[in-house]
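1. What follows is a predicted protein model with its sequence.
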Amino acid sequence: MRRPRRPAAVAVEQIRLPSHDEMKAQDMWNNCVVRSVMSGVMGGGLGVMMGLFLGALENPVMAEEMTARQQIVYQAKQMGRRSMGNAKTFAVMGLVFSAVECVVEKARARHDVANSAVAGCVTGGALAVKGGPQAACMGCAGFAAFSVLIEKFMDRHT
């Protein structure tokens, strides 16, 4: 009679607990104010880069009549204006979205797609509020739908 084989010994990796400094850093990052401000700063940086890129693509209307120096000055001013406008928009977008998502997540004590949908709605409405109530509603619906699609695509909430 044959003896059953013993399973091969499997190396078990030892569990490493986070250090005190790692836990403090994680607690700091879980603070809604810190997370929101960082998102606003990163959004502003993205806005500057997009403004520089998109501003460089614009051609002056009177390009044929302008000297090379005038075109360069015009282009630089255009890139600066575009960068500042985009930086403000993206900074507000990052700050508002992150703040609302964090507050809703902490209030609901759940980490799911609904948080992103609410944050998207508030952000879209806030960005479009100058256009009136209909624009704010459309901004809310559009940004919420976009946020849900991105969450599903990135598959953060399983």
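-> Happy to help now that I have it.

2. Need the contact partners of stretch 92-111.
-> Contact with stretch 92-111 is made by 32, 35-44, 46, 114-116, 118-120, 122-123, 126-127, 147, 157, as judged by Cβ atoms under 8 Å, 6 or more residues apart in numbering. (Each C-beta comes from the backbone N, C-alpha and C, glycine too.)

3. after the lengthiest helix in the chain, next one along is what?
-> Ordering each helix of the chain by length in residues (DSSP state H) puts helix 68-108 first. Downstream of helix 68-108, the first helix or strand assigned by DSSP states H and E is helix 113-128.

4. I'd like to know which elements that following helix is packed against.
-> Counting contacts by 3 or more Cβ pairs under 8 Å, 6 or more residues apart in numbering; DSSP states H and E, helix 113-128 is packed against helix 68-108, helix 133-154.

5. from the ones you listed, which stretch is densest packed?
-> Of all the helices and strands packed on helix 113-128, helix 68-108 has the most neighbours on average by mean count of other Cβ atoms under 10 Å, namely a mean of 17.

6. rewinding a little: from the contacts of stretch 92-111, list the buried ones, please.
-> For the contacts of stretch 92-111, a burial check counting by 16 or more other Cβ atoms under 10 Å picks out 35-37, 39-40, 43-44, 46, 115-116, 118-120, 122-123, 126-127, 147.

7. coming back round to it: gap between the longest helix of the chain and the chain center?
-> Remark: helix 68-108 is offset 11 Å from the chain centroid, using Cα atoms, centre = their mean, to the nearest Å.

8. That one vs helix 113-128, what angle?
-> When axes from the mean of the first three to the mean of the last three Cα atoms, to 10 degrees is applied, the directions of helix 68-108 and helix 113-128 differ by 140 degrees.

9. quick one: average pLDDT of helix 68-108?
-> For helix 68-108, mean pLDDT rounds to 92.

10. one step back: now for the helices and strands packed on helix 113-128, which one comes closest to residue 13?
-> Checking the helices and strands packed on helix 113-128 against residue 13 by Cβ to Cβ gives helix 133-154 as the closest, at 28.0 Å.

11. Taking helix 68-108 as reference, get the angle to the closest one.
-> Computed by the same axes, to 10 degrees, the angle separating helix 133-154 from helix 68-108 equals 80 degrees.
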